[in-house]
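K.L.:
Build me a model from this:
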Amino acid sequence: MQPTYNIDNPNLPYQTKHDLWQTAFGLQQVDGLKPSVYMEELAEKQARGSYSYEQVYEEITAYHQSTDDSTAEADLVSLRIAELLSRSGFSFSPATLLTIHKELFQDIFDDSIPVGQIRQTNISKKEAVLNGESVVYADYPMIQATLDYDFQQEKIFQYSGLSKETMVQHIQSFISGIWQIHPFCERNTRTITVFLIKYLREFGFTVDNTPFQKHAKFFRDALVLDNAKVLQKHPEFLTAFFENLLLDGKNDLSSGVMYRELGLD
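P.N.:
Predicted structure coming up:
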């Protein structure tokens, strides 16, 4: 019997692979991390077809076994993001979020920080853009139910017939809501961003990944401001980011502009 499906093994062109790596490197900014120069060299070799992802993993693992491991998380997670985004498979469900988190951060933390699992405690984080206050994240017993509800509401939402601008506004609201839940103890933003990029492909949008490559810290701060308490809430920054990402916007996404407008410079 002949197979009825083709094996998905895309031969991505150099520029596409290069852009995936730049997106992966840029996303490390959300936690103040920067990949090593050696990782950047290996990425270029992989993009040009000299190395496979497996060979890059072997090289960078050996590198961190014999040198300072201060860039280990940024290097390994960048590799995993680039490889994950090179694959076309996708399932719209909360389980996909958990799988992405596990794939990106397995073996990065000790056992006190579980990966691929919903947090079992409440958390907070002092945010500079909120003058040291925290976003109020979802109460941990409610995380699974809240995720299920938000995903179900998004699944039944009718996008057909809407303008592109209205579609983007709704996607923005959905992703911001998922981020506010903060389902994991650590590394929520990178996980949710990878999910977002995969989800946007389902719409056939032309995505300008430059904002993720160059302004990932702005993106995280914008999510914080979109989910702040009422008197601290500033949704316009997240709107500006999504306009640049999907609507050919030319907004200034520098953190300096954000902080000046908030009176924090």
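
K.L.:
mind checking how far Leu225 is from His101?
P.N.:
24 Å (Cβ to Cβ, to the nearest Å). Bear in mind the C-beta positions are built from the backbone N, C-alpha and C, glycine included.

K.L.:
Compare neighbour counts for these two and give me the winner.
P.N.:
His101 (26 against 21; other Cβ atoms under 10 Å).

K.L.:
Quick check: which element contains the more buried one?
P.N.:
Taking DSSP states H and E as the criterion, the element that holds His101 is helix 94-105.

K.L.:
following that helix, which helix or strand shows up next?
P.N.:
helix 143-156.

K.L.:
quick one: contacts of whatever helix or strand comes next after that following helix?
P.N.:
Where DSSP H and E defines the elements, the next helix or strand beyond helix 143-156 is helix 164-181. Contacts with helix 164-181, where a contact means Cβ atoms under 8 Å, 6 or more residues apart in numbering, come from 97, 135, 137-138, 143, 146-147, 150, 154, 157, 159, 162, 188-189, 192, 195-196, 199-200, 203, 223, 226-227, 238-239, 242-243, 246-247.

K.L.:
ok, how many other residues are close to the closest residue to Glu73 other than its chain neighbours?
P.N.:
Among residues not flanking Glu73 along the chain, Ile108 sits closest, at 5.4 Å (Cβ to Cβ, 6 or more residues apart in numbering). Counted with other Cβ under 10 Å, the neighbours of Ile108 add up to 15.

K.L.:
And for Asn122, the neighbour number?
P.N.:
Counted with other Cβ under 10 Å, Asn122 comes out at 12.

K.L.:
What sits closest to it if chain neighbours are left out?
P.N.:
Tyr140 (5.5 Å).

K.L.:
ok, the one you found to Lys229 distance?
P.N.:
Distance from Tyr140 to Lys229, by Cβ to Cβ: 20 Å.

K.L.:
neighbour-wise, which of those two wins?
P.N.:
Tyr140 (17 against 11).

K.L.:
Give me the residues contacting the strand or helix carrying Gln213.
P.N.:
Assigned by DSSP H and E, Gln213 belongs to helix 210-214. Helix 210-214 is touched from outside by 19, 22-23, 25-27, 193, 197, 218-219, 241, 244-245, 253, with contacts defined as Cβ under 8 Å, 6+ apart.

K.L.:
7 Å instead, please
P.N.:
Applying Cβ atoms under 7 Å, 6 or more residues apart in numbering, the contact partners of helix 210-214 are Gln22, Thr23, Gly26, Leu27, Thr193, Phe219, Phe241, Asn244, Leu245, Leu253.

K.L.:
now the residues you listed as JSON lines including secondary structure and pLDDT?
P.N.:
Converted to JSON lines, the contacts of helix 210-214 look like this (DSSP: H, G, I helix; E, B strand; the rest coil; pLDDT from 0 to 100):
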{"residue": "Gln22", "secondary structure": "helix", "pLDDT": "97"}
{"residue": "Thr23", "secondary structure": "helix", "pLDDT": "96"}
{"residue": "Gly26", "secondary structure": "helix", "pLDDT": "97"}
{"residue": "Leu27", "secondary structure": "helix", "pLDDT": "97"}
{"residue": "Thr193", "secondary structure": "helix", "pLDDT": "97"}
{"residue": "Phe219", "secondary structure": "helix", "pLDDT": "97"}
{"residue": "Phe241", "secondary structure": "helix", "pLDDT": "97"}
{"residue": "Asn244", "secondary structure": "helix", "pLDDT": "96"}
{"residue": "Leu245", "secondary structure": "helix", "pLDDT": "96"}
{"residue": "Leu253", "secondary structure": "coil", "pLDDT": "97"}
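
K.L.:
ok, so of those, who is nearest Asn209?
P.N.:
Thr23 (4.8 Å; Cβ to Cβ).

K.L.:
Is that closest one in contact with Asn209, as I believe?
P.N.:
Yes: the pair Thr23 / Asn209 is scored as a contact, 4.8 Å apart, by Cβ atoms under 7 Å.

K.L.:
higher neighbour count, those two?
P.N.:
Thr23 (24 against 16).

K.L.:
quick one, what contacts the more buried one?
P.N.:
Thr23 neighbours (Cβ under 7 Å, 6+ apart): Leu85, Asn209, Phe212, Gln213.
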